[in-house]
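Participant: next come a sequence and a model predicted from it.
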Amino acid sequence: MIHVNEQELLLSVAKGDERSFQVLVKQYWPQVYGTALRLTRSPEQAKDLSQDIFLKLWNNREKLPGVEKVGTFIYVCARNLIMDHLEKKVLHTDNIEFLADHLSDAPFSDAQSGMEYKELEKILLLAIEHLPEKVKTVFVLHRFNGLSHVQISRKLNISVVSSQTYIVRALRSIREYLNRHSESVFALLLLTSNYFL
């Protein structure tokens, strides 16, 4: 159950009172922005997503009078928008590294976060393990060992174009694997950022 003043605030926002909406934004901005920042690791993207979340709240303000738990409602709105953003970012063929970067950033402050990190890393490594052997070898040499396509072509006695083609195939396969396991990936990404609850 929410406090009377919060209920009155929601009713005012639902009626289009911009000052009440500013109060709501001021009250919940730190949590929304903090969650977006933790998940995107980009202050610019976090700010943009936070603004989008509050814009969406304003555009759907007629639903606010039925809300019982404001923090939870805003969290769910934020989670959904951030998940949509991450799905486009993480599962896009050109951005598979985003997930690896997310996993390798900053040490974890508690055992729970460390376990979640290991689970995310496990999903990504399983995706790589499911690659055909030659594709996996080229992918590992290029993405983890930092070899150029020229170096890979010399090392494996293949053409530069073949090396590039294997990388494209690897990224496509990893993306498909992550798409099949996307609920696990996004649930774990969100758990690493349980800022609202």
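Facilitator: Everything's here; your move. Residues are numbered from 1 along each chain as shown.
Participant: low-confidence ranges, this structure, go.
Facilitator: Within the chain, the segments meeting pLDDT under 70 span 1-4, 87-120, 181-197.
Participant: give the residue farthest from the middle of it.
Facilitator: Distance from the C-alpha centroid of the chain, by C-alpha atoms, centre = their mean, peaks at residue 157 (38.0 Å).
Participant: and the host helix or strand of residue 154, what other elements does it pack with?
Facilitator: Assigned by DSSP states H and E, residue 154 belongs to helix 149-156. With contacts taken as 3 or more C-beta pairs under 8 Å, 6 or more residues apart in numbering; DSSP states H and E, helix 149-156 sits against helix 133-139, helix 160-180. Every residue, glycine included, has its C-beta placed from N, CA and C.
Participant: between those helices, which gets nearest to residue 45?
Facilitator: Closest to residue 45 of the helices and strands packed on helix 149-156 is helix 160-180 (C-beta to C-beta; 19.5 Å).
Participant: tilt between that closest one and helix 149-156?
Facilitator: Counting by axes from the mean of the first three to the mean of the last three C-alpha atoms, to 10 degrees, helix 160-180 lies at 100 degrees to helix 149-156.
Participant: buried set for helix 160-180?
Facilitator: By neighbour count with 16 or more other C-beta atoms under 10 Å, helix 160-180 contains the buried residues 162-163, 166-167, 169-171, 173-175, 177-178.
Participant: same thing with stretch 58-75?
Facilitator: Across stretch 58-75, burial judged by 16+ other C-beta under 10 Å covers 61, 64, 67, 70, 73-75.
Participant: which among the helices and strands packed on helix 149-156 is found nearest to residue 148?
Facilitator: Closest to residue 148 of the helices and strands packed on helix 149-156 is helix 160-180 (C-beta to C-beta; 8.6 Å).
Participant: cheers, nothing more for now.
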